[in-house]
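> have a look at this fold, sequence not included:
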């Protein structure tokens, strides 16, 4: 799947080099270019948890080439691209991207956003905060689906109706990694008014103010995972202590030329 020699084309962004990362890849793209020119399609912000899911989840893996832009959303992955000799120019995380996005399009009435995700009440708080910063109804609808939304056809129908009724042209989805991407790819054609899909995980929590972002130096040194683990040890333990350390071993195997795509 990963092909470091392949270039993808996207209107406004031109050629984007694929940088291989295990059985996936990220595009070598600058944050400012993405904010300015990516107006239609589906983004994937790839971080360590996501790429480890790609080692096990064939359904998610098979969706990879359907994303228009895949960014490096991890400082550890950013360091890994350098160590592997194929550096990307910068880390482009969803939680950094979205504030730049709503600042850039604050005065563009053609851009409106639906927030789908978060615990009850969280998306509403995020919407109020963002609209206050933007100075207009930039967020035009919110929804907090049930945890088991993807196994409940009635809940899926309700979610689709909520997005369509809002009239939003952008949908930010925060429904856990892999699940949110599968939802988008399976049902996006039933929400034709949405031109830009942003599966951005915990961004809704950050924008609500319920969870503080770490100081910039912690992120820049690659210790955001430790900050989050200290803040939410029970919620984050499995992800950061059990699930993600094998990533470092897999990257070492890639460096040594012995990594094998688990699906081939």
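Cool, got the structure. Keep in mind the model is a prediction, meaning the values are calculated, not measured.

> please make it C-alpha for all contacts and neighbour counts, starting now.
Will do.

> would you map the strands across the protein?
Secondary structure of the chain by DSSP state E: the strands cover 7-10, 14-21, 24-27, 41-46, 69-72, 113-117, 139-143, 170-174, 196-199.

> in CSV: those, plus mean pLDDT, distance to residue 246 and mean neighbour count.
Converted to CSV, the strands of the chain look like this (pLDDT from 0 to 100; distance: least, Cα to Cα, whole Å; neighbours: other Cα atoms under 10 Å):
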stretch, mean pLDDT, distance to residue 246, mean neighbour count
strand 7-10, 82, 29, 13
strand 14-21, 93, 14, 19
strand 24-27, 97, 16, 22
strand 41-46, 96, 16, 22
strand 69-72, 97, 18, 25
strand 113-117, 97, 29, 26
strand 139-143, 97, 35, 23
strand 170-174, 97, 25, 25
strand 196-199, 98, 24, 24
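
> could the ones you listed go into TSV alongside distance to residue 86?
As requested, these are arranged in TSV below (distance: least, Cα to Cα, whole Å):
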stretch	distance to residue 86
strand 7-10	14
strand 14-21	6
strand 24-27	11
strand 41-46	16
strand 69-72	12
strand 113-117	34
strand 139-143	38
strand 170-174	30
strand 196-199	26
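
> which one of the ones you listed lies nearest to residue 252?
Taking Cα to Cα as the measure, the strands of the chain were each checked against residue 252, and strand 14-21 came out nearest at 11.2 Å.

> so which elements touch that closest one?
Strand 14-21 is packed against strand 7-10, strand 24-27, with contacts defined by 3 or more Cα pairs under 8 Å, 6 or more residues apart in numbering; DSSP states H and E.

> let's see 10 Å
On a contact count with 3 or more Cα pairs under 10 Å, 6 or more residues apart in numbering; DSSP states H and E, strand 14-21 meets strand 7-10, strand 24-27, strand 69-72, helix 75-83, helix 246-256.

> partner strands of it, parallel or antiparallel?
Each strand that strand 14-21 pairs with, and the sense of that pairing, follows from DSSP bridges: strand 7-10 (antiparallel), strand 24-27 (antiparallel).

> and residue 134, which of those is closest to it?
strand 7-10 (27.9 Å).

> contact partners of that closest one?
For strand 7-10, the external contacting residues (Cα atoms under 10 Å, 6 or more residues apart in numbering) are 14-19, 27-28, 37-38, 40-41, 68-69.

> now stretch 141-156
Identification of contacts with stretch 141-156 by Cα under 10 Å, 6+ apart yields 112-127, 157-159, 161-168, 171-176, 179-180, 182-183, 187.

> and with 8 Å instead?
When contacts are defined by Cα atoms under 8 Å, 6 or more residues apart in numbering, stretch 141-156 is touched by residues 113-121, 123-124, 127, 159, 162-163, 166, 168, 179, 183.
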